[in-house]
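Enquirer: Sequence first, then the predicted structure, then my questions.
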Amino acid sequence: MQAGPTNSLSDIAGLRVGNAQDHALKSGTTVVVGDTPFVASVAVMGGAPGTRETDLLAPDKSVAAVDALVLSGGSAFGLDACSGVVDGLRADGRGFRIGPAQIPLVPGAILFDLLNGGDKDWADNPYRALGLAAYRAAKAEFDIGTVGAGTGALTAMLKGGLGTASLQLPDGSTVAALVAANPVGAVTTPGDRHFYAAPFEMDGEFGGIGPDPVSGLGLSRESRKFNALSARANTTIAIIATDAILTKAECHRVATAAHDGIARACVPAHTPNDGDLVFALTTGARPAADVLMTGHAAALCLSRAIARAVYAATPAAGDIMPCWRDANADL
């Protein structure tokens, strides 16, 4: 396996990613939309998820495909970003048609970034407008780091962010991950230099520092975020995509397997105070997949995407946590 040409979700033909953010708010929204509706499912392993219309994605539910997926900051307020995406899709004539009614189907998930130093004293919920703006901005190329749903994200010790990574499989299919990393856990080992995901890094994509040579990792629970904010100010939310045909049930299995990527990159993961959630989708453009290999590649991509999110984060006025690049300015 090797990384795709752009090492991003853009390596899945027919998908576009849109980001919208408000840096004064220190929050934002990310949307993934396809040229056509796509099959998708979801797996939740965190203890504090926030979701919209994810029940539709269970393998036994009748909805065959959805029009877009949304990741957003804003906690419960951020779920309204899905409404903005629905507005944009409807205006463009997209959605599930029942007689004269046209209903865009847009599941979404949120992370908690309400205590990160941004201006949250709004009169009207800003997330519907951010959702629409993200939908309108959707394109094949997109930025990572302090953008979209990752704008206000924080890990235990450093700023989080939006990350992505991809892999091309031997059968010719491609798997990619997109993630907004805001976990309870640390993404770097003590000292803020080495990434827990370092064993899975490809081509120096997050600094090429390599694994931490120290043993006994994971025993410390040091957390700048916990000291500054709240035990509940967390969550890692992600989208896995492939171009190989999968059934809805197989998408669910891939989403479940991809959670291993969170556990490899964030220590600890899947805690009672995280809402860890992974969507998995397929465009179905290629022959049916080896589900085992697709799930394995999904976990690898997600680990790398989480590290890339933190590596790409940039400083902003009013930050309460340092960026990885600031903490490692000597490199």
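Expert: Great, that's in hand. Numbering: from 1, shown residues only.
Enquirer: residue ranges of the helices in the stretch 101-250 of the chain, please?
Expert: 127-136, 224-228, 248-265 (DSSP state H, counting those that start in this stretch).
Enquirer: Which strands and helices lie in contact with the shortest one?
Expert: It refers to helix 224-228. Here helix 224-228 touches no other helix or strand, going by 3 or more C-beta pairs under 8 Å, 6 or more residues apart in numbering; DSSP states H and E. Where C-beta positions appear, they are placed from N, C-alpha and C, glycine not excepted.
Enquirer: contact partners of it?
Expert: With C-beta atoms under 8 Å, 6 or more residues apart in numbering as the contact definition, helix 224-228 has outside contacts at 154, 155, 156, 157, 158, 184, 233, 234, 320, 321.
Enquirer: check contacts around the second one.
Expert: By C-beta under 8 Å, 6+ apart, the contact set of residue 155 is 181, 182, 183, 185, 186, 187, 188, 225, 266, 310, 321.
Enquirer: what about the second one, how many residues close to it?
Expert: Residues near residue 182, counting by other C-beta atoms under 10 Å, number 30.
Enquirer: Likewise for the fourth one?
Expert: Here the number of neighbours of residue 185 (other C-beta under 10 Å) works out to 26.
Enquirer: wait, it sits on residue 156?
Expert: Yes: using C-beta atoms under 8 Å, residue 185 is in contact with residue 156, at 5.6 Å.
Enquirer: can you state the direction angle for the longest helix anywhere in the chain and helix 248-265?
Expert: Using DSSP state H, we find that the single longest helix of the chain is helix 291-312. If you take axes from the mean of the first three to the mean of the last three C-alpha atoms, to 10 degrees, helix 291-312 sits at 40 degrees to helix 248-265.
Enquirer: pLDDT below threshold where in this structure?
Expert: Low-confidence segments of the chain (pLDDT under 70): 229-232.
Enquirer: quick one, strands of it?
Expert: 15-22, 27-44, 51-52, 66-72, 96-98, 101-103, 108-110, 161-168, 174-182, 235-245, 277-288 (DSSP state E).
Enquirer: Between these, which one is closest to residue 201.
Expert: strand 161-168 (9.6 Å; C-beta to C-beta).
Enquirer: mind checking how far the closest one is from the chain centre?
Expert: Between the centre of strand 161-168 and the centre of its chain there are 9 Å (C-alpha atoms, centre = their mean, to the nearest Å).
Enquirer: and that strand, what does it pack onto?
Expert: Where contact means 3+ C-beta pairs under 8 Å, 6+ apart, strand 161-168 is packed against strand 174-182, helix 291-312.
Enquirer: Cheers, nothing more for now.
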